[in-house]
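Visitor: Below is the structure, and that's it, no one-letter string:
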């Protein structure tokens, strides 16, 4: 598992409330705002290795589990998200989970395929993000992308 997360919208919290909450989290945990992809805010909490400090990071190993908190401007459903690394190719996952069962988030088509599942909880969905097979350490699974391209939340 690469990371878990939750998606909340303006229906539940204002963007300012979400930013305030993430500043509190960021003061205690290494938290980064993903570079903008759309009008959503994607925050990631990254685990640190023992020998790392606030400003010194190493990217030679896979860093997990991450936690993602997403704020979106619209929607009335909260989503629990689980991002899973698979050993399946893009062709295989896209074939197994073709639309309407599966879909790709805009701009992230080369990384994973998503599947929504119903839950017994009203107003809550479960989204599985099934990551395509990759070999070894890369800029995503090491946390390097978020540390170098994201905005540190303090």
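Guide: Received it, and whenever you're ready, just let me know what you need. Fair warning: this is a prediction, and the values are worked out from it, not measured in the lab.

Visitor: Report whether residue 7 is found in a helix, as I expect.
Guide: No: Residue 7: not assigned to a helix; according to DSSP: H, G, I helix; E, B strand; the rest coil it is strand.

Visitor: Check the burial of it by counting its neighbours.
Guide: By the criterion of other CB atoms under 10 Å, residue 7 has 20 neighbours. No exception for glycine: its C-beta is placed from N, CA and C like everyone else's.

Visitor: avg pLDDT for the lengthiest helix in the chain?
Guide: Longest helix in the chain, counting residues (DSSP state H): helix 15-26. Across helix 15-26, pLDDT averages out at 88.

Visitor: Pull the contacting residues for the residue of the chain positioned farthest from its centre.
Guide: In the chain, the greatest distance from the average C-alpha position (CA atoms, centre = their mean) is reached by residue 51, at 24.6 Å. Contacts for residue 51 (CB atoms under 8 Å, 6 or more residues apart in numbering) come out as residue 58.

Visitor: do the one 3 residues further on as well
Guide: Going by CB under 8 Å, 6+ apart, residue 54 touches residue 30.

Visitor: cool, residue 92 as well?
Guide: Residues counted as contacts of residue 92 (CB under 8 Å, 6+ apart): none.

Visitor: pLDDT value on residue 99, please?
Guide: Confidence score, pLDDT, at residue 99: 95.

Visitor: Secondary structure of it: a strand, I assume?
Guide: No: read with three-state DSSP, residue 99 is coil and lies in no strand.

Visitor: gap between residue 35 and residue 10?
Guide: 21 Å (CB to CB, to the nearest Å).
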